[in-house]
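In: need a 3D model of the sequence below.
(one chain, ligands or ions: 1)
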Amino acid sequence: MNELAIHGGAPVRTTPMVTTGPRFGEEELQELKEALDQQTLFYWHGAKVKAFRAQFAELYGVKHCHMVTSGTAALHVATATLGVGPGDEVITSPMTDQGTVIAILAQGGVPLFADIDPHTYNVTPESVEAQITGKAKAVIVVHLAGNAADMDGILSVAHKRGVKVIEDCAQSYLCWYKGKLAGTLGDIGCFSLNDFKHISAGDAGMVLTNDDALAARAQLCLDKGYARDGQGRRPPFLAMNYRPSELHGAVALAQLRKLPAIVEKRNMLGDLLTASLKGVPGIHPHKVLDGCKSSYWFYMGRMDPKTLNVPRDEFVAAVAAEGVPVSGGYIGKMVYEYPVLADHNAYENCSYPWDGVYGRKVSYGPGMCPAAEEVEATSWRCPITEHMIEQDVRDIAAAIKKVAECFAAM
Ligand SMILES: Cc1ncc(COP(=O)(O)O)c(C=O)c1O
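Out: This next block holds a predicted model:
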(Lines give C-alpha, C1' and ligand atoms only; values in the text may rest on other atoms or scores of the structure.)
Protein backbone atom coordinates (compact mmCIF):
# COMPACT_ATOMS: atom_id res chain seq x y z
CA MET A 1 0.00 0.00 0.00
CA ASN A 2 0.94 3.62 -0.64
CA GLU A 3 2.93 4.89 2.37
CA LEU A 4 1.28 7.81 4.17
CA ALA A 5 2.97 11.20 3.80
CA ILE A 6 2.95 11.53 7.58
CA HIS A 7 5.16 8.41 7.65
CA GLY A 8 7.51 9.73 4.95
CA GLY A 9 5.63 8.60 1.82
CA ALA A 10 4.85 10.78 -1.22
CA PRO A 11 1.87 13.10 -0.57
CA VAL A 12 -1.23 12.97 -2.76
CA ARG A 13 -0.89 16.67 -3.55
CA THR A 14 2.34 18.63 -3.92
CA THR A 15 1.06 22.00 -5.19
CA PRO A 16 -0.76 24.48 -2.89
CA MET A 17 -4.54 24.44 -3.21
CA VAL A 18 -6.07 27.82 -4.04
CA THR A 19 -9.39 28.09 -2.19
CA THR A 20 -9.85 31.88 -2.15
CA GLY A 21 -9.73 34.60 -4.79
CA PRO A 22 -11.00 38.05 -5.69
CA ARG A 23 -14.66 38.63 -4.93
CA PHE A 24 -15.04 42.42 -5.32
CA GLY A 25 -14.33 44.33 -8.52
CA GLU A 26 -15.63 46.83 -11.06
CA GLU A 27 -19.27 45.88 -10.47
CA GLU A 28 -19.07 46.80 -6.78
CA LEU A 29 -17.11 49.98 -7.57
CA GLN A 30 -19.75 51.10 -10.07
CA GLU A 31 -22.57 50.51 -7.58
CA LEU A 32 -20.64 52.33 -4.85
CA LYS A 33 -20.00 55.29 -7.14
CA GLU A 34 -23.70 55.49 -7.97
CA ALA A 35 -24.53 55.35 -4.26
CA LEU A 36 -22.15 58.21 -3.47
CA ASP A 37 -23.40 60.24 -6.42
CA GLN A 38 -26.88 60.20 -4.85
CA GLN A 39 -25.47 62.60 -2.18
CA THR A 40 -27.26 60.59 0.47
CA LEU A 41 -26.26 57.32 2.08
CA PHE A 42 -29.47 57.03 4.10
CA TYR A 43 -31.32 53.79 3.35
CA TRP A 44 -34.75 55.35 3.29
CA HIS A 45 -33.77 58.09 0.84
CA GLY A 46 -31.38 56.32 -1.55
CA ALA A 47 -32.09 53.73 -4.24
CA LYS A 48 -29.53 51.02 -3.45
CA VAL A 49 -30.97 49.42 -0.31
CA LYS A 50 -34.44 49.61 -1.87
CA ALA A 51 -33.22 47.91 -5.06
CA PHE A 52 -31.39 45.24 -3.12
CA ARG A 53 -34.43 44.50 -0.97
CA ALA A 54 -36.61 44.19 -4.06
CA GLN A 55 -34.15 41.99 -5.94
CA PHE A 56 -33.51 39.65 -3.02
CA ALA A 57 -37.26 39.32 -2.40
CA GLU A 58 -37.76 38.54 -6.08
CA LEU A 59 -34.98 35.94 -6.13
CA TYR A 60 -36.57 34.24 -3.13
CA GLY A 61 -40.15 34.70 -4.32
CA VAL A 62 -41.26 36.38 -1.07
CA LYS A 63 -43.31 39.51 -0.43
CA HIS A 64 -40.97 41.33 1.97
CA CYS A 65 -37.22 41.66 2.43
CA HIS A 66 -35.70 44.03 4.98
CA MET A 67 -31.99 44.81 4.99
CA VAL A 68 -30.17 45.26 8.32
CA THR A 69 -26.61 45.65 9.58
CA SER A 70 -25.72 42.01 10.29
CA GLY A 71 -27.01 38.47 10.43
CA THR A 72 -27.21 38.85 14.20
CA ALA A 73 -29.33 41.99 13.73
CA ALA A 74 -31.56 40.07 11.30
CA LEU A 75 -32.10 37.33 13.89
CA HIS A 76 -32.74 39.88 16.65
CA VAL A 77 -35.26 41.67 14.45
CA ALA A 78 -36.89 38.26 13.91
CA THR A 79 -37.17 37.39 17.62
CA ALA A 80 -38.40 40.90 18.44
CA THR A 81 -40.89 40.82 15.56
CA LEU A 82 -42.32 37.51 16.73
CA GLY A 83 -42.77 38.93 20.21
CA VAL A 84 -40.16 36.95 22.14
CA GLY A 85 -40.09 38.50 25.60
CA PRO A 86 -38.56 37.91 29.06
CA GLY A 87 -38.61 34.25 30.02
CA ASP A 88 -39.96 33.00 26.70
CA GLU A 89 -38.09 29.94 25.55
CA VAL A 90 -36.47 29.78 22.14
CA ILE A 91 -35.11 26.50 20.83
CA THR A 92 -32.10 26.36 18.55
CA SER A 93 -29.04 24.35 17.56
CA PRO A 94 -25.98 23.99 19.79
CA MET A 95 -23.79 24.08 16.68
CA THR A 96 -24.17 27.65 15.47
CA ASP A 97 -22.73 31.13 15.68
CA GLN A 98 -23.15 33.23 18.81
CA GLY A 99 -25.34 35.56 16.72
CA THR A 100 -28.18 33.04 16.95
CA VAL A 101 -27.98 33.08 20.75
CA ILE A 102 -27.66 36.88 20.95
CA ALA A 103 -31.00 37.21 19.15
CA ILE A 104 -32.66 35.21 21.93
CA LEU A 105 -30.93 36.79 24.94
CA ALA A 106 -31.33 40.34 23.63
CA GLN A 107 -35.11 39.90 24.00
CA GLY A 108 -34.77 38.31 27.43
CA GLY A 109 -35.54 34.91 25.94
CA VAL A 110 -34.13 31.70 27.41
CA PRO A 111 -32.16 29.64 24.89
CA LEU A 112 -32.83 25.90 24.80
CA PHE A 113 -30.87 23.50 22.65
CA ALA A 114 -32.16 20.72 20.45
CA ASP A 115 -29.69 18.00 19.51
CA ILE A 116 -28.62 17.58 15.90
CA ASP A 117 -28.82 14.84 13.32
CA PRO A 118 -25.46 13.01 13.33
CA HIS A 119 -24.94 13.47 9.59
CA THR A 120 -26.79 16.62 8.45
CA TYR A 121 -25.74 18.46 11.67
CA ASN A 122 -29.14 20.16 11.82
CA VAL A 123 -31.84 20.03 14.50
CA THR A 124 -34.53 17.41 13.89
CA PRO A 125 -38.32 17.35 14.41
CA GLU A 126 -37.83 14.92 17.32
CA SER A 127 -35.10 16.94 19.05
CA VAL A 128 -37.07 20.17 18.67
CA GLU A 129 -40.27 18.59 19.97
CA ALA A 130 -38.43 17.25 23.03
CA GLN A 131 -37.55 20.84 24.04
CA ILE A 132 -41.00 22.39 23.59
CA THR A 133 -42.62 23.41 26.89
CA GLY A 134 -45.56 25.70 27.57
CA LYS A 135 -43.08 28.62 27.56
CA ALA A 136 -41.75 27.92 24.05
CA LYS A 137 -42.21 30.91 21.77
CA ALA A 138 -40.02 30.17 18.76
CA VAL A 139 -37.54 27.82 17.15
CA ILE A 140 -34.53 29.16 15.29
CA VAL A 141 -33.66 26.46 12.77
CA VAL A 142 -30.05 26.85 11.67
CA HIS A 143 -29.48 25.44 8.19
CA LEU A 144 -25.81 24.67 8.79
CA ALA A 145 -23.21 25.01 6.07
CA GLY A 146 -25.62 25.44 3.15
CA ASN A 147 -27.61 22.34 4.02
CA ALA A 148 -31.36 22.25 4.74
CA ALA A 149 -32.86 20.90 7.97
CA ASP A 150 -35.91 18.61 7.91
CA MET A 151 -38.37 21.50 7.65
CA ASP A 152 -41.65 19.59 7.06
CA GLY A 153 -41.28 17.79 10.36
CA ILE A 154 -39.99 20.81 12.27
CA LEU A 155 -42.78 23.09 10.99
CA SER A 156 -45.33 20.47 11.91
CA VAL A 157 -44.15 19.96 15.52
CA ALA A 158 -43.68 23.70 16.06
CA HIS A 159 -46.91 25.01 14.56
CA LYS A 160 -48.92 22.26 16.25
CA ARG A 161 -47.79 23.79 19.58
CA GLY A 162 -48.19 27.41 18.47
CA VAL A 163 -44.42 27.90 18.26
CA LYS A 164 -43.08 30.25 15.56
CA VAL A 165 -40.26 29.21 13.22
CA ILE A 166 -37.30 31.41 12.30
CA GLU A 167 -34.85 30.08 9.73
CA ASP A 168 -31.21 31.06 10.22
CA CYS A 169 -29.86 30.96 6.67
CA ALA A 170 -26.65 32.88 7.43
CA GLN A 171 -24.69 29.96 5.96
CA SER A 172 -27.32 28.81 3.48
CA TYR A 173 -27.91 30.95 0.43
CA LEU A 174 -29.96 29.31 -2.33
CA CYS A 175 -30.29 26.15 -0.29
CA TRP A 176 -33.18 24.06 -1.61
CA TYR A 177 -35.61 22.05 0.47
CA LYS A 178 -37.99 19.91 -1.61
CA GLY A 179 -38.46 22.54 -4.32
CA LYS A 180 -38.58 25.50 -1.91
CA LEU A 181 -35.82 27.81 -0.77
CA ALA A 182 -34.64 27.67 2.84
CA GLY A 183 -35.62 31.00 4.35
CA THR A 184 -39.11 30.95 2.82
CA LEU A 185 -40.52 27.99 4.75
CA GLY A 186 -40.86 29.32 8.29
CA ASP A 187 -42.41 32.54 9.59
CA ILE A 188 -39.23 34.58 9.06
CA GLY A 189 -35.95 33.85 7.24
CA CYS A 190 -32.67 35.52 8.21
CA PHE A 191 -29.44 35.95 6.23
CA SER A 192 -25.94 37.33 6.83
CA LEU A 193 -23.74 39.33 4.49
CA ASN A 194 -20.70 39.21 6.76
CA ASP A 195 -17.35 38.86 5.05
CA PHE A 196 -17.16 35.07 5.34
CA LYS A 197 -20.45 34.21 3.68
CA HIS A 198 -21.26 33.18 0.09
CA ILE A 199 -21.65 36.90 -0.66
CA SER A 200 -20.48 39.86 1.42
CA ALA A 201 -21.26 43.51 2.00
CA GLY A 202 -18.58 43.67 4.69
CA ASP A 203 -21.37 43.20 7.21
CA ALA A 204 -25.16 43.29 6.76
CA GLY A 205 -28.13 40.94 6.83
CA MET A 206 -31.64 40.31 5.56
CA VAL A 207 -35.03 39.48 7.06
CA LEU A 208 -37.56 37.72 4.80
CA THR A 209 -41.25 37.18 5.37
CA ASN A 210 -44.46 36.73 3.41
CA ASP A 211 -46.56 38.13 6.24
CA ASP A 212 -47.54 41.82 5.87
CA ALA A 213 -48.04 42.37 9.62
CA LEU A 214 -44.70 40.78 10.50
CA ALA A 215 -42.97 42.85 7.82
CA ALA A 216 -44.45 46.06 9.26
CA ARG A 217 -43.36 45.14 12.76
CA ALA A 218 -39.88 44.18 11.51
CA GLN A 219 -39.56 47.69 10.05
CA LEU A 220 -40.16 49.12 13.53
CA CYS A 221 -37.72 46.65 15.08
CA LEU A 222 -34.86 47.58 12.78
CA ASP A 223 -35.28 51.36 12.79
CA LYS A 224 -35.67 52.60 16.39
CA GLY A 225 -39.41 52.00 16.31
CA TYR A 226 -39.96 54.38 13.41
CA ALA A 227 -42.56 53.21 10.90
CA ARG A 228 -41.44 55.77 8.29
CA ASP A 229 -45.01 55.94 7.01
CA GLY A 230 -45.07 59.72 6.95
CA GLN A 231 -47.24 59.98 10.06
CA GLY A 232 -44.54 61.10 12.46
CA ARG A 233 -42.38 59.49 15.13
CA ARG A 234 -44.16 57.29 17.64
CA PRO A 235 -41.97 54.33 18.67
CA PRO A 236 -44.38 51.85 20.27
CA PHE A 237 -41.66 49.80 22.02
CA LEU A 238 -37.91 49.64 22.53
CA ALA A 239 -36.18 48.91 19.23
CA MET A 240 -32.59 49.04 17.99
CA ASN A 241 -31.03 50.93 15.13
CA TYR A 242 -30.07 48.20 12.68
CA ARG A 243 -30.26 50.38 9.56
CA PRO A 244 -27.88 49.56 6.73
CA SER A 245 -26.31 52.36 4.69
CA GLU A 246 -26.55 52.82 0.96
CA LEU A 247 -22.94 51.59 0.75
CA HIS A 248 -24.07 48.20 2.10
CA GLY A 249 -26.92 48.17 -0.39
CA ALA A 250 -24.61 49.05 -3.28
CA VAL A 251 -22.08 46.28 -2.60
CA ALA A 252 -24.85 43.79 -1.88
CA LEU A 253 -26.51 44.53 -5.22
CA ALA A 254 -23.33 43.73 -7.14
CA GLN A 255 -22.70 40.63 -5.01
CA LEU A 256 -26.23 39.35 -5.53
CA ARG A 257 -25.66 39.12 -9.28
CA LYS A 258 -22.74 36.77 -8.58
CA LEU A 259 -24.64 34.56 -6.14
CA PRO A 260 -26.19 32.00 -8.54
CA ALA A 261 -22.83 31.12 -10.12
CA ILE A 262 -21.13 30.91 -6.71
CA VAL A 263 -23.79 28.53 -5.41
CA GLU A 264 -23.85 26.42 -8.56
CA LYS A 265 -20.10 25.83 -8.38
CA ARG A 266 -20.16 25.02 -4.67
CA ASN A 267 -23.09 22.65 -5.11
CA MET A 268 -21.30 20.81 -7.91
CA LEU A 269 -18.00 20.52 -6.01
CA GLY A 270 -19.60 19.47 -2.71
CA ASP A 271 -21.71 16.79 -4.36
CA LEU A 272 -18.60 15.63 -6.24
CA LEU A 273 -16.77 15.17 -2.94
CA THR A 274 -19.65 13.10 -1.57
CA ALA A 275 -19.65 10.92 -4.69
CA SER A 276 -15.86 10.54 -4.55
CA LEU A 277 -15.95 9.33 -0.94
CA LYS A 278 -18.45 6.55 -1.62
CA GLY A 279 -17.32 3.28 -0.10
CA VAL A 280 -14.30 4.69 1.76
CA PRO A 281 -14.05 2.74 5.05
CA GLY A 282 -14.91 4.60 8.24
CA ILE A 283 -15.85 7.80 6.38
CA HIS A 284 -19.30 9.44 6.45
CA PRO A 285 -19.96 12.22 3.94
CA HIS A 286 -21.85 15.46 4.65
CA LYS A 287 -25.43 14.21 4.35
CA VAL A 288 -27.94 16.17 2.28
CA LEU A 289 -31.60 15.16 2.78
CA ASP A 290 -33.46 13.62 -0.17
CA GLY A 291 -34.96 16.27 -2.43
CA CYS A 292 -32.62 18.95 -1.08
CA LYS A 293 -29.69 20.83 -2.57
CA SER A 294 -26.82 22.20 -0.48
CA SER A 295 -24.85 25.33 -1.28
CA TYR A 296 -21.92 24.04 0.83
CA TRP A 297 -20.68 26.95 2.87
CA PHE A 298 -18.18 24.33 3.97
CA TYR A 299 -18.02 20.55 3.77
CA MET A 300 -17.94 18.54 6.97
CA GLY A 301 -17.71 14.76 7.01
CA ARG A 302 -17.13 12.36 9.87
CA MET A 303 -14.67 9.58 10.61
CA ASP A 304 -15.33 6.51 12.69
CA PRO A 305 -12.43 6.15 15.17
CA LYS A 306 -13.27 2.46 15.76
CA THR A 307 -13.13 1.46 12.09
CA LEU A 308 -10.05 3.59 11.46
CA ASN A 309 -8.25 2.57 14.68
CA VAL A 310 -7.10 6.17 15.36
CA PRO A 311 -8.41 9.25 17.14
CA ARG A 312 -9.84 12.02 14.95
CA ASP A 313 -6.89 14.37 15.37
CA GLU A 314 -4.43 11.72 14.23
CA PHE A 315 -6.58 11.03 11.17
CA VAL A 316 -6.84 14.73 10.31
CA ALA A 317 -3.08 15.24 10.74
CA ALA A 318 -2.42 12.36 8.34
CA VAL A 319 -4.87 13.71 5.74
CA ALA A 320 -3.43 17.23 6.00
CA ALA A 321 0.06 15.80 5.52
CA GLU A 322 -1.14 14.56 2.12
CA GLY A 323 -1.23 18.23 1.08
CA VAL A 324 -4.95 19.02 1.29
CA PRO A 325 -6.77 21.59 3.50
CA VAL A 326 -8.57 19.33 5.98
CA SER A 327 -8.99 20.26 9.65
CA GLY A 328 -10.84 18.81 12.65
CA GLY A 329 -14.31 19.79 13.91
CA TYR A 330 -16.20 23.03 13.49
CA ILE A 331 -16.70 25.30 16.51
CA GLY A 332 -14.67 23.49 19.18
CA LYS A 333 -17.23 23.86 21.95
CA MET A 334 -21.00 23.82 21.74
CA VAL A 335 -22.49 27.28 22.21
CA TYR A 336 -24.08 26.17 25.52
CA GLU A 337 -20.56 25.77 26.93
CA TYR A 338 -19.76 29.47 26.42
CA PRO A 339 -19.46 31.37 29.74
CA VAL A 340 -22.30 33.76 28.84
CA LEU A 341 -24.70 30.81 29.09
CA ALA A 342 -22.87 28.38 31.38
CA ASP A 343 -22.36 31.16 33.99
CA HIS A 344 -25.77 32.79 33.41
CA ASN A 345 -23.88 35.96 32.60
CA ALA A 346 -25.94 37.73 29.93
CA TYR A 347 -26.58 40.95 31.88
CA GLU A 348 -24.55 42.72 34.57
CA ASN A 349 -25.13 42.07 38.27
CA CYS A 350 -27.98 39.62 37.82
CA SER A 351 -28.80 36.29 36.27
CA TYR A 352 -31.58 37.65 34.04
CA PRO A 353 -33.34 36.09 32.15
CA TRP A 354 -32.76 32.92 34.20
CA ASP A 355 -33.54 34.64 37.49
CA GLY A 356 -36.69 32.74 38.27
CA VAL A 357 -38.81 35.91 37.99
CA TYR A 358 -38.92 35.57 34.25
CA GLY A 359 -37.21 32.44 33.02
CA ARG A 360 -36.39 28.91 33.96
CA LYS A 361 -32.94 28.44 35.51
CA VAL A 362 -31.67 26.15 32.75
CA SER A 363 -28.24 24.61 33.47
CA TYR A 364 -25.97 24.78 30.47
CA GLY A 365 -22.88 22.64 30.03
CA PRO A 366 -21.31 19.59 28.43
CA GLY A 367 -23.65 16.64 27.88
CA MET A 368 -26.72 18.69 26.90
CA CYS A 369 -26.64 17.54 23.28
CA PRO A 370 -24.61 14.32 23.06
CA ALA A 371 -24.99 13.84 19.29
CA ALA A 372 -23.68 17.34 18.61
CA GLU A 373 -20.71 16.79 20.90
CA GLU A 374 -19.98 13.49 19.16
CA VAL A 375 -20.14 15.24 15.78
CA GLU A 376 -17.70 17.90 16.95
CA ALA A 377 -15.30 15.23 18.24
CA THR A 378 -15.32 13.03 15.14
CA SER A 379 -15.75 15.43 12.22
CA TRP A 380 -13.30 16.67 9.62
CA ARG A 381 -13.88 19.75 7.55
CA CYS A 382 -12.61 21.15 4.28
CA PRO A 383 -13.37 24.24 2.22
CA ILE A 384 -15.65 24.09 -0.80
CA THR A 385 -15.46 27.39 -2.66
CA GLU A 386 -16.18 28.81 -6.09
CA HIS A 387 -12.44 29.35 -6.55
CA MET A 388 -11.69 25.62 -6.43
CA ILE A 389 -11.68 23.19 -9.35
CA GLU A 390 -12.77 19.57 -9.66
CA GLN A 391 -9.18 18.33 -9.34
CA ASP A 392 -8.94 19.98 -5.90
CA VAL A 393 -11.93 18.00 -4.70
CA ARG A 394 -10.62 14.80 -6.26
CA ASP A 395 -7.32 15.34 -4.41
CA ILE A 396 -9.10 15.88 -1.08
CA ALA A 397 -11.07 12.67 -1.66
CA ALA A 398 -7.92 10.78 -2.70
CA ALA A 399 -6.10 11.92 0.45
CA ILE A 400 -8.99 10.90 2.71
CA LYS A 401 -9.31 7.54 0.93
CA LYS A 402 -5.57 6.82 1.14
CA VAL A 403 -5.41 7.62 4.86
CA ALA A 404 -8.68 5.87 5.75
CA GLU A 405 -7.76 2.67 3.89
CA CYS A 406 -4.34 2.62 5.50
CA PHE A 407 -5.64 3.12 9.05
CA ALA A 408 -8.56 0.72 8.54
CA ALA A 409 -6.11 -2.01 7.57
CA MET A 410 -3.98 -1.58 10.71
C1 LIG B 1 -25.40 30.28 11.51
C2 LIG B 1 -25.10 31.72 11.76
N3 LIG B 1 -26.02 32.49 12.36
C4 LIG B 1 -25.81 33.79 12.60
C5 LIG B 1 -24.64 34.41 12.23
C6 LIG B 1 -24.45 35.85 12.56
O7 LIG B 1 -24.21 36.62 11.41
P8 LIG B 1 -23.38 37.98 11.50
O9 LIG B 1 -21.94 37.61 11.70
O10 LIG B 1 -23.61 38.64 10.17
O11 LIG B 1 -23.91 38.77 12.62
C12 LIG B 1 -23.65 33.66 11.59
C13 LIG B 1 -22.38 34.29 11.21
O14 LIG B 1 -21.31 33.75 11.33
C15 LIG B 1 -23.88 32.28 11.34
O16 LIG B 1 -22.96 31.52 10.74
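
In: what residues does the stretch 151-300 of the chain put near the ligand?
Out: Asp168, Ala170, Gln171, Ser192, Asn194, Asp203, Gly205 (CB under 6 Å from any ligand atom). Quick note: C-beta positions are derived from backbone N, CA and C, even for glycine.

In: buried residues in the lengthiest helix in the chain?
Out: The helix that spans the most residues within the chain, counting by DSSP state H, is helix 246-276. Buried residues in helix 246-276, counting neighbours by 16 or more other CB atoms under 10 Å, are found at 246-256, 258-259, 262-263, 265-267, 269-274, 276.

In: ok, stretch 384-395 next?
Out: Neighbour-count burial for stretch 384-395 [16+ other CB under 10 Å]: Ile384, Thr385, Glu386, Met388, Asp392, Val393, Asp395.

In: all strands for the stretch 1-150 of the chain, in order.
Out: Applying DSSP state E, counting those that start in this stretch to the stretch 1-150 of the chain gives strands spanning 64-68, 89-92, 110-113, 136-142.

In: where does pLDDT dip in this protein?
Out: Scanning the chain for pLDDT under 70 picks out 1.

In: residue closest to the middle of it?
Out: In the chain, the residue lying closest to the centroid (CA atoms, centre = their mean) is Gln171, at 3.4 Å.

In: can you give me the neighbour number for the nearest residue to that residue once chain neighbours are set aside?
Out: Distance criterion CB to CB, 6 or more residues apart in numbering; nearest residue to Gln171, sequence neighbours excluded, is Trp297 at 4.1 Å. The number of residues packed near Trp297 is 24, by other CB atoms under 10 Å.

In: please apply the same query to Trp176.
Out: 18.

In: leaving out chain neighbours, which residue sits closest to it?
Out: Lys293 (3.8 Å).

In: cool, His64 as well?
Out: Ala215 (3.6 Å).

In: need the max-distance pair from the buried residues of stretch 384-395.
Out: Glu386 and Asp395 (17.3 Å; CB to CB).

In: the one helix or strand Phe407 maps to packs against which elements?
Out: Secondary structure from DSSP states H and E places Phe407 in helix 390-408. With contacts defined as 3 or more CB pairs under 8 Å, 6 or more residues apart in numbering; DSSP states H and E, helix 390-408 has these neighbours: helix 246-276, strand 283-284, helix 305-308, helix 312-321.

In: and the angle from that helix to helix 312-321?
Out: 140 degrees (axes from the mean of the first three to the mean of the last three CA atoms, to 10 degrees).

In: okay, and the beta partners of the nearest residue to Lys224 once chain neighbours are set aside?
Out: Spatially, and ignoring its direct neighbours in sequence, Lys224 is nearest to Asn241 (5.1 Å; CB to CB, 6+ apart). Asn241 has these beta-bridge partners by DSSP bridges: Asp223.

In: what about Asn241, how many neighbours?
Out: 12.

In: likewise for Ala213?
Out: That count, for Ala213 with other CB under 10 Å as the rule, works out to 9.

In: name the helices or strands packed onto the helix or strand hosting it?
Out: Assessed by DSSP H and E, Ala213 sits inside helix 212-222. On a contact count with 3+ CB pairs under 8 Å, 6+ apart, helix 212-222 meets strand 64-68, helix 71-81, strand 205-209.

In: let's go with 6 Å and repeat that
Out: With contacts defined as 3 or more CB pairs under 6 Å, 6 or more residues apart in numbering; DSSP states H and E, helix 212-222 has these neighbours: strand 64-68, helix 71-81.

In: for the residue nearest to the centre of the chain, phi and psi?
Out: phi -100, psi 10 (degrees, to the nearest 10).

In: looks like it contacts Ala148 (just checking).
Out: No: counting by CB atoms under 6 Å, Gln171 does not reach Ala148; the two are 11.2 Å apart.

In: quick revisit: adding mean neighbour count and distance to the ligand, write the strands of the stretch 1-150 of the chain out as JSON lines.
Out: Formatted as JSON lines, the strands of the stretch 1-150 of the chain follow (neighbours: other CB atoms under 10 Å; distance: least, CB to the nearest ligand atom, whole Å):
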{"stretch": "strand 64-68", "mean neighbour count": "26", "distance to the ligand": "9"}
{"stretch": "strand 89-92", "mean neighbour count": "26", "distance to the ligand": "9"}
{"stretch": "strand 110-113", "mean neighbour count": "25", "distance to the ligand": "13"}
{"stretch": "strand 136-142", "mean neighbour count": "26", "distance to the ligand": "5"}
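
In: now these in TSV, please, with extra columns for distance to Val326.
Out: TSV is the format used below for the strands of the stretch 1-150 of the chain (distance: least, CB to CB, whole Å):
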stretch	distance to Val326
strand 64-68	35
strand 89-92	28
strand 110-113	28
strand 136-142	23
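
In: tell me the contacts of Pro305?
Out: Shown in contact with Pro305 (CB atoms under 6 Å, 6 or more residues apart in numbering): Pro311.

In: mind doing that once more with 8 Å?
Out: Neighbouring residues of Pro305 by CB atoms under 8 Å, 6 or more residues apart in numbering: Pro311, Arg312, Phe315, Thr378.

In: which strands and helices sit next to the longest helix of the chain?
Out: helix 26-37, helix 48-60, strand 64-68, helix 390-408.
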